[in-house]
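1. Please find the sequence and the predicted model below.
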2 protein chains.
Amino acid sequence: MEFEPVAPVRAYQRVVEQIEEAVFSGRIKPGDRLPSERELMVQFDVGRSTVREALRVLQAAEMIRSRPGDPRGPEVLAASPAALHRSMHRLARADHIGLSELLQFRMVLDGSAHLLAAQLRTEDHLAELDAALESMREGVSKGFAEFSHADVAFHEAIARATGNPLLVISGEVVRGVVLELIEDKLEHADDRTALMRNWLAHHEEVLGAIRDSDGERASRLAKQALYDNYAEYVPEEQRRLLRPLLA
Amino acid sequence: MEFEPVAPVRAYQRVVEQIEEAVFSGRIKPGDRLPSERELMVQFDVGRSTVREALRVLQAAEMIRSRPGDPRGPEVLAASPAALHRSMHRLARADHIGLSELLQFRMVLDGSAHLLAAQLRTEDHLAELDAALESMREGVSKGFAEFSHADVAFHEAIARATGNPLLVISGEVVRGVVLELIEDKLEHADDRTALMRNWLAHHEEVLGAIRDSDGERASRLAKQALYDNYAEYVPEEQRRLLRPLLA
DNA sequence: ACCGGTAGACTGGTCTGACCAGTAAACCAG
DNA sequence: CTGGTTTACTGGTCAGACCAGTCTACCGGT
């Protein structure tokens, strides 16, 4: 005989559930407005603080947004990966995840993204990648910040070319966290111009492979470049975690 | 000249930030207790409703848990993928992420996990995998629920063998969401015994490859099995998103 | 006819103070 | 040592109030 722990259902929880259900079922669509808090407290027959706690939860989940003074009431938002992004970032920061794990994960994600992008890219994606690469060329002379910005845009364009939002989001998150961990080391790099030229050449090669729909080559190039550029920041004894991915 | 939209910082938001910061920086560890709401409202110099809204946000992010009557105060939780899971599930329900994207992502993650597990596994990991496989064998006669449970344990053991928590967590999340999307279809499968025997045979083959340290083979088997088992639930015109991963 | 300013009716954000049901631990009687 | 009772808390909820801000409709000047 199995029993389950009994937990009282909070009032604010049931308010959340009802609103969530209305959104998921399509009864309320993105762009629609919820009644005002004072109106909701009448409809749900609860106090305003209860309504507000429910709205806070929904707002934390990026499902609604409310602005003081707006007589139309809280706005229902379209589902967005923003909440996913935040949770993933929190996990990465909290779970004391080291550079070697992040790099390993990024090699997995980027490698697969390049593979898929090469085989699924459209002409539009290629144009976008060309534009990003051109920005990188300009960035070399403009400065490191501009170059980095263009570099990020290039990687995001590749992720988007896979058509899979999960790859876009996780890639973005992992790249961000990796950068946070080594940005101070990059600040003190000796010859950043040579560094940028190297990266630029690598990206041109990658774009060539993607244009040729050679996913295998694009993937191999991406993973190798990650290893070459970042492995130096990983302790020697942990690099064996990365090498199996280079096969 | 570029301007940014100006938005007032809510009081509850700054409370959230301070507590978050304390958790991330390690000043507060999982298992520790926060002061009571009445104590927090003194320390932050805000009203109780503000404190409560902040705690609700943190609770929605699965960072704390509070129970009425507990004189030790709200408990700080260990970072868990639960929030990630919820956000991803919400996205999937809102139709921004379909089964094809989830499956593609899972093929990427599982494929890489198998590759890495085969080359990094220790004898302990092999023993764990053997145990999980034995549970699956027993599960075939016990019932579908038991079998599924053992199946999950097997996959988690493989993820753990990579040594990378990111692979463990994302794998867990994606597997969960995929299962939720097709569980009703699995419920009505005609011959579940044959299904289970198929899966069992496949897992035995995978474990063999991992024991041989043949990462390439383990990875190929895993991705192929995913495609064979789940592609039928993906619309025909979207299967081309998956096939590039089978090369 | 147009326009700028303004009055008023709202909105959400915050605070105060109160009550309740429930917990935990100390206390106390058997 | 055990089982109840007391007590001092906890979080959950509500009511009512005030504020700063926004929107809209109205109004007077041009």
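-> Arrived safely, thanks for sending. Numbering: from 1, shown residues only, chains lettered A, B, ... in the order given.
2. Please make it C-alpha for all contacts and neighbour counts, starting now.
-> Will do.
3. Tell me how many other residues surround A:Gln18.
-> Other residues near A:Gln18 come to 11 when the count uses other C-alpha atoms under 10 Å in any protein chain shown.
4. which parts of the particular helix or strand that has it in it are buried?
-> Under the criterion of DSSP states H and E, A:Gln18 resides in helix A:11-24. Buried residues in helix A:11-24, counted by 16 or more other C-alpha atoms under 10 Å in any protein chain shown: A:Tyr12, A:Val15, A:Val16, A:Ile19, A:Glu20, A:Val23.
5. Same check on stretch A:125-145?
-> Across stretch A:125-145, burial judged by 16+ other C-alpha under 10 Å covers A:125-126, A:128-133, A:135-137, A:139-140, A:144.
6. thinking again about what came up before, which neighbouring elements make contact with the helix holding A:Gln18?
-> Counting contacts by 3 or more C-alpha pairs under 8 Å, 6 or more residues apart in numbering or on different chains; DSSP states H and E, helix A:11-24 packs against helix A:48-60.
7. Give the rounded mean pLDDT of the helix it packs on.
-> For helix A:48-60, mean pLDDT is 98.
8. Tell me the confidence at A:Met1?
-> Per the predicted model, pLDDT is 55 at A:Met1.
9. rewinding a little: does at least one residue of the helix holding A:Gln18 sit close to DNA strand D?
-> Yes - taking C-alpha under 7 Å from any atom of the strand as the criterion, helix A:11-24 and DNA strand D are in contact, through A:Ala11, A:Tyr12.
10. Now do that helix against helix B:48-60, angle only.
-> 60 degrees (axes from the mean of the first three to the mean of the last three C-alpha atoms, to 10 degrees).
11. And A:Ser80, how far from chain B?
-> To chain B, A:Ser80 is 7 Å away according to C-alpha to the nearest C-alpha, to the nearest Å.
12. Helix B:82-93 and the helix-or-strand element of chain A with minimal mean pLDDT, what's the angle between them?
-> Ranked by mean pLDDT, DSSP states H and E, the weakest helix or strand in chain A is helix A:82-94, scoring a mean of 83. Between helix A:82-94 and helix B:82-93, the angle comes out at 160 degrees (the same axes, to 10 degrees).
13. Quick one: the helices in chain A, in order.
-> Assigned by DSSP state H, chain A shows helices spanning A:11-24, A:37-43, A:48-60, A:82-94, A:99-120, A:123-142, A:144-161, A:165-187, A:192-211, A:215-230.
14. so how far is the helix holding A:Gln18 off the chain centroid?
-> Put simply, helix A:11-24 sits 27 Å off its chain's centre (C-alpha atoms, centre = their mean, to the nearest Å).
15. is it up against DNA strand C anywhere?
-> No - Helix A:11-24 does not reach DNA strand C (C-alpha under 7 Å from any atom of the strand); its nearest approach is 12.9 Å.
16. Disregarding residues adjacent in the polypeptide, which is nearest to the residue most central in space within chain A?
-> Compute the mean C-alpha point of chain A, and by C-alpha atoms, centre = their mean the closest residue is A:Ile169, 2.7 Å away. Nearest-residue entry for A:Ile169: A:His85, 6.6 Å, with adjacent residues in sequence omitted and distances by C-alpha to C-alpha, 6 or more residues apart in numbering or on different chains.
17. What's the local residue count around that neighbour?
-> Neighbours of A:His85 (other C-alpha under 10 Å): 17.
18. A:Asp184 now?
-> Around A:Asp184 there are 10 residues (other C-alpha under 10 Å).
19. Please report the distance of it from chain B.
-> Remark: distance between A:Asp184 and chain B (C-alpha to the nearest C-alpha) = 18 Å.
20. which residues sit in contact with A:His149?
-> A:His149 makes no contacts at all, as judged by C-alpha atoms under 8 Å, 6 or more residues apart in numbering or on different chains.
21. Nearest residue to A:His203 in space, ignoring adjacent ones along the chain?
-> Distance criterion C-alpha to C-alpha, 6+ apart; nearest residue to A:His203, sequence neighbours excluded, is A:Leu133 at 7.5 Å.
22. Only alpha carbons, please: show stretch A:120-139 as PDB.
-> Provided in PDB are the C-alpha atoms of stretch A:120-139 (Å, rounded to 0.1, in the frame of the first residue of the first chain):
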ATOM      1  CA  LEU A 120      19.600  22.200 -43.700                       C
ATOM      2  CA  ARG A 121      20.700  25.700 -44.400                       C
ATOM      3  CA  THR A 122      18.800  27.800 -47.000                       C
ATOM      4  CA  GLU A 123      20.100  30.600 -49.200                       C
ATOM      5  CA  ASP A 124      18.800  33.100 -46.600                       C
ATOM      6  CA  HIS A 125      20.900  31.500 -43.900                       C
ATOM      7  CA  LEU A 126      23.900  31.700 -46.200                       C
ATOM      8  CA  ALA A 127      23.300  35.400 -46.800                       C
ATOM      9  CA  GLU A 128      23.000  35.900 -43.000                       C
ATOM     10  CA  LEU A 129      26.300  34.100 -42.400                       C
ATOM     11  CA  ASP A 130      28.000  36.100 -45.200                       C
ATOM     12  CA  ALA A 131      26.800  39.300 -43.500                       C
ATOM     13  CA  ALA A 132      28.100  38.200 -40.100                       C
ATOM     14  CA  LEU A 133      31.400  37.200 -41.600                       C
ATOM     15  CA  GLU A 134      31.700  40.600 -43.200                       C
ATOM     16  CA  SER A 135      31.000  42.300 -39.800                       C
ATOM     17  CA  MET A 136      33.800  40.200 -38.400                       C
ATOM     18  CA  ARG A 137      36.200  41.400 -41.100                       C
ATOM     19  CA  GLU A 138      35.400  45.000 -40.200                       C
ATOM     20  CA  GLY A 139      35.700  44.100 -36.500                       C
END
